[in-house]
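# Sequence and computational prediction follow.
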Amino acid sequence: MVPLEAGAGPDNPPCPACGEPLFGWIDERRGLAGPVRRCESCGLGVVGEPGDAEQALRELDRLGEAGRSARIVDRGGFAAWIGGAGWAGLERDVRYLFTVEAVRRLVAHRDQVVRSARWSPGAGIATMWQTVLNGFTFGRNVALGALGRARAVPAERPWQRRLDGLISILVAVPAMLVAVPMELAAALSRRGGAASLRFELL
């Protein structure tokens, strides 16, 4: 066994949550601010430069009641695993891709603990559904973008964007029929696509 610290270096900067090296996960994609790295220890994903714990906490605070709760799209969920570069959690202007464990380690920096972590069924099913749809479209998050639930990354060419709209309509129901049982199974195995977290001071 080689310790994770052995991978530390300029190409693998430290994780803002736990300090372990970040490793490459997804190359630079249109709509993202850079390549995506992930931490093998806590699971945090980082788009572009990693920054520090304070910056990650600021982004976390925008996902709920600052310092009290947050709802995350879980990078440790089954949807992220099967989706890869097509995972619905890869949205425009998102820098940190949280897991429950990464959040535990981050909030410890301000003397907090995660008091509860519960599966968020609506967000989890929507994430799985859009991840399945992303496997058929040129762009990403087209359906959730049209519903105002995400920031879509449209395809580059007009004909591709038109086709993506048609595909999203035609495949929406079959994709939902696949996504619901997959997400339910993921939730039962504690790998749901989204989680609602509550924090308390130590």
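Alright, I've got the coordinates. Residues are numbered from 1 along each chain as shown.

# pLDDT below threshold where in the chain?
1-9 (pLDDT under 70).

# Reduced to three states, what does the residue most central in space within it come out as?
Residue closest to the average C-alpha location in the chain (C-alpha atoms, centre = their mean): Gly89, at 3.8 Å. Three-state call for Gly89 (DSSP: H, G, I helix; E, B strand; the rest coil): coil.

# measure Leu63 to Leu166 for me?
33 Å (C-beta to C-beta, to the nearest Å). C-beta coordinates here come from the backbone N, C-alpha and C atoms, glycine included.

# Backbone dihedrals for the residue nearest to the centre of the chain, please?
phi -70, psi -10 (degrees, to the nearest 10).

# Next, the contact list for it, please.
Counting by C-beta atoms under 8 Å, 6 or more residues apart in numbering, Gly89 touches Val73, Asp74, Arg75, Ala79, Ala80, Gly83, Leu97, Thr127, Gly193.

# how about a cut-off of 7 Å?
Val73, Arg75, Ala80, Leu97, Thr127 (C-beta atoms under 7 Å, 6 or more residues apart in numbering).

# cool, Ala172 as well?
Neighbour list for Ala172: Ala143 [criterion: C-beta under 7 Å, 6+ apart].

# doesn't Glu59 fall inside a strand?
No - according to three-state DSSP, Glu59 belongs to no strand; its state is helix.

# quick one: contacts for it?
Applying C-beta under 7 Å, 6+ apart, the residues near Glu59 are Arg95, Tyr96.

# Would you quantify the distance from it to Arg95?
Taking C-beta to C-beta, one finds Glu59 at 6 Å from Arg95.

# With Gly122 instead?
For Gly122 relative to Arg95 (C-beta to C-beta), the value is 24 Å.

# quick one: which of those two has more around it?
Taking other C-beta atoms under 10 Å, Gly122 and Arg95 do not tie; Arg95 has more neighbours (20 against 10).

# For the more buried one, give me its contacts.
Ala33, Val46, Val47, Gly48, Glu59.
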